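Asks: Could you work out the structure for the sequence below:
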Amino acid sequence: MSGRKRLQQLLDSLGRSAKHFSKAEVRCLVMLFDSLVPRSSSRCGAVGLGRAVFRDTLHCALGLTDDVLADEVFRVFDRDRDKCISVVEWVEGLSIFLRGTLEEKIKYCFEVYDRNGDGYISREEMFHMLKNTLVKQPLEEDSDEGIKDLVEIALKKMDYDHDGKLSFADFEKAVRDENLLLEAFGPCLPDIKSIMAFEQKTFQEAHKQ
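Replies: Below is the predicted model:
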């Protein structure tokens, strides 16, 4: 199959699955992906983005600077768990990342925070993420205690069935009641300013058409 035909099939398919983008925007995202792939390690190089290039892209292009959370975002984008982000995973992931509905973003954030994929955000998972995302005070010896207190406060507010962990239903209800809780355990979505800058740069060609 020619490269042009393959691209056309890809655009048709992604036009349906990445429904928040126009076909011209999908084309721009595929071109960006193709420009990033050669920078990936040789194991991923031919098929997709490796962890390091993906993390650098999140950092430089979308302002997500926390490496621990960037690794969890990589895990959520990497649907088939092959340790590489394919072009389909890239475009479909960005569709939610940049323009997702509240419902899509609730599901996405829950998956980021549910590090072991067991369907719950545990005390340990909350502690791990908050410990890494909060500003570290070098002389604060009891910072772990402060983080544990924050975990208990979060559970008190969000754990509706009082089982000591957050199910998806708990998380969804809490976020619908108070949208600010969407990123309660660390920033895993770009802010509006970063999104606008990224889209303006990436979709320049699409918006000329």
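Asks: Report pLDDT for the residue nearest to the spatial centre of the chain.
Replies: The centre of the chain sits closest to Val73, judged by C-alpha atoms, centre = their mean, with a distance of 3.9 Å. Per-residue confidence (pLDDT) for Val73: 97.
Asks: ok, now how distant is it from Glu111?
Replies: 10 Å (C-beta to C-beta, to the nearest Å). Heads up, the C-betas are built off the backbone N, CA and C, glycines and all.
Asks: Over to Gln200?
Replies: On the measure of C-beta to C-beta, Gln200 and Glu111 end up 28 Å apart.
Asks: of the two, who's got more company?
Replies: Neighbours per residue, other C-beta atoms under 10 Å: of Gln200 and Glu111, the larger number sits with Glu111, 17 against 10.
Asks: Surely the more buried one touches Val76?
Replies: Yes. Judged on C-beta atoms under 8 Å, Glu111 makes contact with Val76 at a distance of 4.7 Å.
Asks: can you give me the strands for the chain?
Replies: Using DSSP state E, the strands found in the chain span residues 120-121, 166-167.
Asks: Could you give the average pLDDT over the first one?
Replies: Model confidence over strand 120-121 averages 98 on the pLDDT scale.
Asks: how far does it sit from the chain's center?
Replies: Strand 120-121 has its C-alpha centroid displaced from the chain centroid by 17 Å (C-alpha atoms, centre = their mean, to the nearest Å).
Asks: That strand packs against which elements?
Replies: strand 166-167 (3 or more C-beta pairs under 8 Å, 6 or more residues apart in numbering; DSSP states H and E).
Asks: what does the last one give?
Replies: Counting contacts by 3+ C-beta pairs under 8 Å, 6+ apart, strand 166-167 packs against strand 120-121.
Asks: Apart from its neighbours in sequence, what residue is nearest Leu130?
Replies: Ile147 (5.0 Å; C-beta to C-beta, 6 or more residues apart in numbering).
Asks: wait, isn't the one you found in contact with Met129?
Replies: No. Counting by C-beta under 8 Å, Ile147 sits too far from Met129 to count as a contact (9.7 Å).
Asks: So the two - more neighbours on which side?
Replies: The residue with more neighbours, out of Ile147 and Met129, is Met129; 24 against 18, by other C-beta under 10 Å.
Asks: returning to that earlier point: switch the strands of the chain over to CSV, and while doing so, append mean neighbour count and distance to Leu180 to every line.
Replies: Compiled in CSV, these are given as follows (neighbours: other C-beta atoms under 10 Å; distance: least, C-beta to C-beta, whole Å):
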stretch, mean neighbour count, distance to Leu180
strand 120-121, 24, 17
strand 166-167, 24, 16
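Asks: would you list those strands in CSV and tack on distance to Gly186?
Replies: What follows is the strands of the chain, written out as CSV (distance: least, C-beta to C-beta, whole Å):
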stretch, distance to Gly186
strand 120-121, 11
strand 166-167, 14
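Asks: hmm, which helix or strand of this protein has the shakiest average pLDDT?
Replies: helix 42-45 (a mean of 63; mean pLDDT, DSSP states H and E).
Asks: show me the contacts for the nearest residue to Asn132 once chain neighbours are set aside.
Replies: Distances taken as C-beta to C-beta, 6+ apart put Val68 closest to Asn132, at 4.1 Å, once the chain neighbours are dropped. By C-beta atoms under 8 Å, 6 or more residues apart in numbering, the residues touching Val68 are 128-129, 132-133, 186.
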